[in-house]
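**Q** Sequence and computational prediction follow.
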Amino acid sequence: MFLMYVDESGDSGLKNSPTRYFILSGLVIHELRWTEYLNQLIEFRREIRDKFGLKLREEIHASAFITNPGELIRIKRYDRLAILRMFADRLAIMPELNAINVVVDKQGKTDNYDVFSEAWKILITRFENTIRSKNFRGPSNTDERGLIIPDATDNKKLTTLLRKMRHYNYVPYQGSGGIARNVPLQYLIEDPFFKDSSQSLFTQVVDLIAYLLYQNINPNSYMKSKSAHNYFLRLEPILCKVASKKNELGIVFL
């Protein structure tokens, strides 16, 4: 079974939104690699604890890490940035991770465009299709399934959406002149299992991925001044490039 941890960067609002982009990132890992990679993440946390004083129980929440560190103000800002860079580099050498990324540019969208639902539909469909095609890195059983583990979001709306897609999932079909066809989900089981990022190292991983992608597209002044808007490119080895043939990094833009 493949597990997909999901987090977002930016907000999904259209009116009076402080962000132009809404990003969903999914970190996909096979169940047979879960313990091995968890141990590697714990080892990394111990290394940065010894080097920077970041306690094991303290969350790496990428956005707050840089702009609103709270108690972590005791760690110098450039050291906090170094932790994010080291985190990305550690992920890049974990060869059986897979990162799917969806970016919604809200500029020009109509008032009735549902940013949240459209982004999630694409992420869910890419997860389903990649399992079906056996294109994820990692072990491959004869008959795989997938489970979605998001950070806190609009829980009810997402659960309803996933249940609906098991019966009605209309996608464009180029072979029929663009007429949509119904392709219900078959490979994803159960409702989403929501996991608080403070309690999950894998959710903190995908939080980092989403944040670094947002900063690559629309960096804040500090990240740009330190050339840290390029940190997302350090994740290139684990990006799921089959998610989109239109982008060399596999990012799906809406």
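**A** Noted; the coordinates are in hand.

**Q** Spell out, range by range, the helices that occur in this protein.
**A** Ranges of helices in the chain, per DSSP state H, are 31-52, 62-67, 77-92, 115-132, 155-165, 201-217, 221-225.

**Q** List just the one of those that sits closest to K195.
**A** Set against K195 and scored by CB to CB, the helices of the chain come closest in helix 201-217, at 5.4 Å. For every residue, glycine as well, the C-beta is placed using N, CA and C.

**Q** What's the mean pLDDT across that closest one?
**A** Regarding helix 201-217, the rounded mean pLDDT is 98.

**Q** In contact with D105, which residues?
**A** Taking CB atoms under 8 Å, 6 or more residues apart in numbering, we find D105 in contact with 20-21, 253-254.

**Q** what bridges to it?
**A** When bridges are called by DSSP bridges, D105 pairs up with Y21.

**Q** Tell me the buried residues in stretch 152-167?
**A** Of all the residues in stretch 152-167, those buried under the rule 16 or more other CB atoms under 10 Å are 153, 158, 161-162, 165.

**Q** which residues sit against that stretch?
**A** So stretch 152-167 is contacted by 6, 8, 12, 116-117, 120-121, 124-125, 148, 150, 184-185, 188, 191-192, 194, 196-197 (CB under 8 Å, 6+ apart).

**Q** List buried residues within the residues you listed.
**A** Judged by 16+ other CB under 10 Å, buried ones among the contacts of stretch 152-167: 6, 8, 12, 116-117, 120-121, 124-125, 148, 150, 185, 188, 192, 194, 197.

**Q** shouldn't I29 be in contact with M1?
**A** No. The criterion here is CB atoms under 8 Å, and I29 misses it with M1 at 10.0 Å.

**Q** From the neighbour counts alone, determine which of these two ranks first.
**A** I29 (23 against 15; other CB atoms under 10 Å).

**Q** For the more buried one, which non-adjacent residue is closest in space?
**A** L3 (5.6 Å; CB to CB, 6 or more residues apart in numbering).

**Q** L97 too?
**A** In space, L97 comes closest to I238 once its chain neighbours are excluded; the distance is 4.3 Å by CB to CB, 6+ apart.

**Q** mind checking how far that neighbour is from R137?
**A** Going from I238 to R137 by CB to CB, to the nearest Å gives 8 Å.

**Q** Give the residues shared as contacts by these two.
**A** Joint contacts of I238 and R137 (CB under 8 Å, 6+ apart) are 95, 97-98.

**Q** among these, which are in strands?
**A** Mapping the shared contacts of I238 and R137 onto strands (DSSP state E) picks out N98.

**Q** Give me the lowest-pLDDT entry from the shared contacts of I238 and R137.
**A** Among the shared contacts of I238 and R137, P95 has the lowest pLDDT, at 93.

**Q** Show the contacting residues for it.
**A** Neighbouring residues of P95 by CB under 8 Å, 6+ apart: 137, 237-238.

**Q** Can you report phi and psi for it?
**A** Main-chain dihedrals, P95, degrees, to the nearest 10: phi -70, psi -10.

**Q** quick one: it from F136, how far?
**A** 12 Å.

**Q** Find me the pLDDT at T153, would you?
**A** For T153, pLDDT reads 81.

**Q** now the contacts of P95: which count as buried?
**A** Buried subset of the contacts of P95 (neighbour count, 16+ other CB under 10 Å): 137, 238.

**Q** quick check, nearest of the contacts of P95 to R57?
**A** Closest to R57, out of all of the contacts of P95 and judged by CB to CB, is I238, at 26.0 Å.

**Q** Let me see the contact set for that closest one.
**A** I238 makes contacts with 91-92, 94-95, 97-99, 137, as judged by CB under 8 Å, 6+ apart.

**Q** What are the buried residues along the helix or strand bottoming out on mean pLDDT in the chain?
**A** Least confident helix or strand, the chain: strand 170-172 with a mean of 78, by mean pLDDT, DSSP states H and E. Within strand 170-172, no residue is scored as buried using 16+ other CB under 10 Å.
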